[in-house]
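Asks: A predicted structure for the sequence below; I have some questions about it.
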Amino acid sequence: MSLLVAPMGPLSEFFYLRDYWRPELFNGWPIGLEDLLFAFLIGGIASVIYEEFFGRQYVKRQNMSHLKWMPVFAFFGVAWMIGGNIFLGFNSIYVSSLGFLIIGMLMIFLRRDLFVNALLSGLLVAGIMFAFYLVNGAIFGGGIVQRWWLLQNISGIIIFGAPIEELLWGFGWGFLAGPVYEFVNGLKAETKGKGED
């Protein structure tokens with residue numbers, strides 16, 4: 001999952017740099033190694049955080065008919081971002097966060113057993129992002145959000161150093177990415193040791 005998601009970090013900046021933020025990157029380019037690294041980490045973390053945190057393991061399911069919807073979901077995600085952000089002019093962070101939730105809900109409609117995974121993954125990823133901002137603020141002090149984020153384009157609500165949009169994005173991403181591995185591979189998570197002799 002980390003390897004699959006990693007390229008999305010730099011690609012997503014096409015949208016986010018337009019209206020959400022303007023970070024200072026190490027290499028001075030508009031898109032940097034940081035985007036790749038963040039996507040790599042958040043992709044892997046979000047896809048397993050529920051299973052690891054709650055001691056779950058995968059078991060195979062038989063029905064894989066839902067896989068035919070994956071190209072539709074991928075197309076919808078791209079069309080949603082382009083349509084919502086570029087053509088309709090909504091801020092990219094809100095468009096992407098809502099898109100994550102919509103695709104996640106569509107997956108849950110097809111696999112209702114993934115609802116708890118999606119919900120708790122969303123909360124846990126949002127919690128990790130919140131903790132990151134707390135640590136970042138303690139180490140580097142305040143001001144980075146005011147310098148990098150285009151606060152005039154978003155709500156301006158900051159909770160202990162974290163723009164609320166970051167927490168909403170984290171929840172949306174976790175809600176989608178948490179159950180996507182199980183959805184694609186026809187897996188179900190159950191308590192570790194269940195059914196073992």
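Replies: That came in fine, so what should we check first?
Asks: Can you list phi and psi of the residue nearest the centre of the chain for me?
Replies: Centroid-nearest residue in the chain: W173, 2.1 Å away (criterion: CA atoms, centre = their mean). Phi and psi for W173, reported as degrees, to the nearest 10, are phi -60, psi -50.
Asks: can you pull the pLDDT of it?
Replies: pLDDT, W173: 98.
Asks: try I31
Replies: 64.
Asks: May I ask which helix or strand encompasses F100?
Replies: helix 92-110 (DSSP states H and E).
Asks: Sketch out the low-pLDDT regions of this structure for me.
Replies: For the chain, residues meeting the criterion pLDDT under 70 lie at 26-31, 62, 142, 193-197.
Asks: could you measure H66 against N153, distance?
Replies: H66 sits 37 Å away from N153, going by CB to CB, to the nearest Å. Backbone N, C-alpha and C define where each C-beta goes, glycine included.
Asks: This structure: strands as residue ranges?
Replies: 56-60, 158-159, 162-163, 187-191 (DSSP state E).
Asks: For V5, find the nearest of these.
Replies: strand 187-191 (18.0 Å; CB to CB).
Asks: List the pairing partners of that closest one within its sheet, with orientation.
Replies: Strand 187-191 has its sheet partners listed here by DSSP bridges as strand 56-60 (antiparallel).
Asks: ok, residues contacting the strand it pairs with?
Replies: With CB atoms under 8 Å, 6 or more residues apart in numbering as the test, strand 56-60 has contacts from 50-51, 182, 185-192, 195.
Asks: Give the buried residues for it.
Replies: R56 (16 or more other CB atoms under 10 Å).
Asks: what number of residues lie near the nearest residue in space to L123 that is not next to it in sequence?
Replies: Distances taken as CB to CB, 6 or more residues apart in numbering put F171 closest to L123, at 6.6 Å, once the chain neighbours are dropped. Counted with other CB atoms under 10 Å, residues neighbouring F171 total 22.
Asks: cool, G43 as well?
Replies: G43: 21 neighbours (other CB under 10 Å).
Asks: can you tell me which residues contact it?
Replies: Neighbours of G43 in contact, by CB under 8 Å, 6+ apart: 1-2, 4-6, 8, 177.
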